[in-house]
Structure formats: C-alpha cells, structure tokens
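Peer 1: below are the sequence and a predicted model; questions follow.
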Amino acid sequence: NKANKTPMVQHLVLENETLLLFQDYDPAKERFVDAYWVRSIDDVYRMKYLYPFMEKPLGEYVDKLQRTADGKLVVEDSQAIRILPELSFNSSKLTETLTQPLDLSVSALREKMPVERLALSEKEAQTLSVLYYKLAMPWLCLLAVIGPAPFCVRFTRQLPVFFIYACSIFGLVAFYLVMDAALILGSRQVLNPEVAIFTPFLLFFGIFSFRYARLTT
C-alpha cells in the first residue's frame, strides 16, 4: 500500500545524543505527532504534538515518565503545554532528515548517493531507488510510442482503433503500478535498487522493441 510506505515508528538522534521517536511529521504545521523524547532509559517525555522549529521547542499534552525503584515507568507530571529548552535541534540537519527522497531533485539525490552500494541502509536504498526511478521514468515517453506502433501501422480494413486505445491506456496504467511496486521493493531492500527499477524497463523495452524490429524488417 503506497500510503503506508513510511514506517509507523521513526526516529531521530538529536544534537545532545538523545533519541526522539515519533509516529509522523506534519510539514504543513511543522510539528511531530505522537513523539517520545528519550532522555535516558529512566527519563522519557511523551507528547501528542512537538513543535521543533519554534525559538524554544514546545510540546502539547506532555507527560513526563520517570522510572520508579521497582523498574516501572510511571507518569510523574502532565502539562497541556510545556516548553522544552533542553531539546537540541539543528534546523538544517532536521529539515534534511525529514525531507523525503521523492521531494528531492535528481542532482540532490546524486549528492546523497552512498559510496559503497553493497550493504545499504534503508535510507540509502530509498535514495538510490528514487534516483533510478526519476532517471528511468522519462524514458516512458519512448516506450509509449514503441509499444502501440506495430499495431497502429497495420494495413487492414478492420483496424480495431478502440481496442488499441484501450489496451494502450491499460498498459500505461499497469506499467505505472509495476514501477510503483518496484520502487517499494527497492526502497525496502527486498531487491537491489538497480534490479528493482531497471528490470521492468528492460523487460518491457525488450518485448516491444522486438515487435518493432520485426515490423521494420
């Protein structure tokens, strides 16, 4: 499901080496949703909303969890609004971390390409998959011409024009679905990004180029 590609639990390591866990980030309101600031194993802040880009980070509906002597985390204090000056955010690094690869240009993605491509992290695999996806998709224009061409130049009194249009549109939609699936497989490290993205293109180009070559000969 494309709508659920982003993991349900995401994390950031902050400037002071503490950990921020969150369910989602809302770019329109510039806030984290369902955030946990883990200062230590014994000291955790739970927030419904966290606004990191304010002059001093601010949390809404904040619970402070403290570990008791018997090892349980219990709510020590609750506030509707709480300023958290101890939270240390690097604005530029935070923006770079939260920006999705699909929102970046090809040149920006090339700058983020990992040097070693054998053992990729999930983020590196996602970056490479999106880069190859953006490099490959413009060639769809050529594929859209080569695909229907053998059927459009046949000389017959009963040329099935509607059937050619319908199959071409269906094929285009199907190809987009295949490429979306390939992007997910590459991003999730199920397949190598190069294999996941370029295999469908090579397969489709091979099939239609062969028919086009037979037509020209």
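Peer 2: Nice, thanks for sending it over. Being a predicted model, the structure only gives us computed values, none of them experimental.
Peer 1: what comes up buried for the helix or strand encompassing Thr127?
Peer 2: Taking DSSP states H and E as the criterion, Thr127 maps to helix 122-136. For helix 122-136, burial by neighbour count (16 or more other C-beta atoms under 10 Å) applies to 124-134, 136. Using the backbone N, CA and C atoms, a C-beta is placed for each residue, glycine as well.
Peer 1: equivalent analysis for stretch 43-55, please.
Peer 2: In stretch 43-55, counting by 16+ other C-beta under 10 Å, buried: 44-47, 49-52.
Peer 1: try stretch 180-200
Peer 2: Buried residues in stretch 180-200, counted by 16+ other C-beta under 10 Å: 182-187, 189, 191-193, 196-198.
Peer 1: where do the helices sit along this structure?
Peer 2: 91-98, 106-111, 122-136, 140-146, 149-152, 161-187, 193-216 (DSSP state H).
Peer 1: in the fifth one, what's buried?
Peer 2: Applying a neighbour-count criterion of 16+ other C-beta under 10 Å, the buried positions in helix 149-152 are 150-151.
Peer 1: ok, back up a step: report the two of the buried residues of stretch 180-200 separated the most.
Peer 2: Farthest-apart pair in these is Gln189 and Phe198; separation 16.4 Å (C-beta to C-beta).
Peer 1: wait, what's in contact with the nearest residue to Asn90 once chain neighbours are set aside?
Peer 2: Among residues not flanking Asn90 along the chain, Glu15 sits closest, at 5.5 Å (C-beta to C-beta, 6 or more residues apart in numbering). Glu15 is in contact with 88-90, counting by C-beta atoms under 8 Å, 6 or more residues apart in numbering.
Peer 1: that older thread, the helix holding Thr127 packs against which elements?
Peer 2: Counting contacts by 3 or more C-beta pairs under 8 Å, 6 or more residues apart in numbering; DSSP states H and E, helix 122-136 is packed against helix 106-111, helix 161-187, helix 193-216.
Peer 1: and the closest residue to Pro114 other than its chain neighbours, how far from Leu140?
Peer 2: Once flanking residues are discounted, Pro114 sits nearest to Glu124: 4.4 Å by C-beta to C-beta, 6+ apart. Separation of Glu124 from Leu140 (C-beta to C-beta, to the nearest Å): 25 Å.
Peer 1: Ala35 contacts Met47, correct?
Peer 2: Yes. The pair Ala35 / Met47 is scored as a contact, 4.7 Å apart, by C-beta atoms under 8 Å.
Peer 1: between these two, what contacts are shared?
Peer 2: Here Ala35 and Met47 have Gly59 as joint contacts, going by C-beta under 8 Å, 6+ apart.
Peer 1: now the closest residue to Pro57 other than its chain neighbours: how far from Lys48?
Peer 2: Excluding the flanking residues, the one nearest Pro57 by C-beta to C-beta, 6+ apart is Leu87, at 4.1 Å. As judged by C-beta to C-beta, Leu87 and Lys48 stand 16 Å apart.
Peer 1: got it, and Arg31?
Peer 2: The value you get for Arg31 to Lys48, if C-beta to C-beta is used, is 10 Å.
Peer 1: so where's the protein shaky on pLDDT?
Peer 2: Counting by pLDDT under 70, the chain has low-confidence residues at 1-8, 91-93, 95-97, 115-120, 153-156, 159, 211-217.
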